[in-house]
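*Asks:* this one's structure only:
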């Protein structure tokens, strides 16, 4: 009987550790970031004959470690603020299930492992990974309680993953890599402003400034529309390159795929206009969900276009 109880307690402990690891590394977010990097990698390779399972695995593990470390450092810094918000009060540090020292060791180990793995792919990949974790942890996180410009700063590390996959495949930062960066950079604004809108009251408890005007008003909604338009333009650049004198680009969209990407953009833009019209949390939440679908489907269309044309 005692052995059964001990086994049950041990199982519960392992499950708890696994649950806390997922929470402190924000597993769902980290996996979505890794997905972006994988899409960038497939776009970067010359063709399927140059595909490497080893590189893909290293990019996935190294990428998860870096994003997970960023999230862990973020939760260390914001532990007192996390305890004030409904959305975050059950995080491991804020809830008291994990000590700051334990979290710091975990974040440091993940950073070290991530950097080593990415460096083994190529030094440029590791460099961009390091820039990402530094900006997210040391600049974006402290700015969240000071200025709405924090979203602009946070959009830089947030835009690196899509580009990182290309750099991992090519060992080069080029026009194509910059374009992938630009797409995910502009995407950050409508996505995170939508989140800041429907979580406005929760963020207010912690003193976070996430909306460009500081309020859920027409000014914020209008900026969401404008940045969505910039996103659509950036997303269509690979189809436009040959028509503006940029030849030889390896990042290219066929007309059919360009139409699909444009229609995805119209879908997201319509949702942004709905938020402008209704200005409520339901419309903001819908825009957030559509933005996630948009970037995922766009990346799938880009990859499918490359290998099916």
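*Replies:* That came in fine, so what should we check first? Treat the numbers as computed from the prediction; the structure is a model and nothing was measured. Numbers count the residues shown, from 1 in each chain.
*Asks:* Find the helix or strand that residue 266 is a member of.
*Replies:* For residue 266, the enclosing helix or strand under DSSP states H and E is helix 255-278.
*Asks:* what's in contact with that helix?
*Replies:* Defining contact as C-beta atoms under 8 Å, 6 or more residues apart in numbering, one finds that helix 255-278 is touched by 190, 194, 197, 218, 221-222, 224-225, 228-229, 231-232, 235-236, 238-239, 253, 283-284, 286-287, 290-291, 294, 297-298, 301-302, 304-305, 309. C-betas here are computed from N, CA, C, even on glycine.
*Asks:* where does the stretch 1-150 of the chain have low pLDDT?
*Replies:* Flagging of the stretch 1-150 of the chain using pLDDT under 70 yields the residue ranges 1-12.
*Asks:* the helices in it, which residues?
*Replies:* 2-24, 27-44, 53-77, 79-82, 100-121, 123-134, 141-143, 150-170 (DSSP state H, counting those that start in this stretch).
*Asks:* Name the stretch among the ones you listed that sits most buried.
*Replies:* Highest mean neighbour count among these (mean count of other C-beta atoms under 10 Å): helix 150-170, with a mean of 24.
*Asks:* now for that one, which elements pack on it?
*Replies:* Counting contacts by 3 or more C-beta pairs under 8 Å, 6 or more residues apart in numbering; DSSP states H and E, helix 150-170 is packed against helix 27-44, helix 53-77, helix 123-134, helix 175-198.
*Asks:* Distance to residue 84 added to those, as a markdown table?
*Replies:* Listed next are the helices and strands packed on helix 150-170 as a markdown table, based on distance: least, C-beta to C-beta, whole Å:
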| stretch | distance to residue 84 |
| --- | --- |
| helix 27-44 | 21 |
| helix 53-77 | 13 |
| helix 123-134 | 25 |
| helix 175-198 | 16 |
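*Asks:* wait, which of those is closest to residue 107?
*Replies:* When these are ranked by proximity to residue 107, the top entry is helix 53-77, at 3.7 Å, counting by C-beta to C-beta.
*Asks:* Please state the offset of that closest one from the chain centre?
*Replies:* Distance, stretch centre to chain centre, for helix 53-77: 12 Å (C-alpha atoms, centre = their mean, to the nearest Å).
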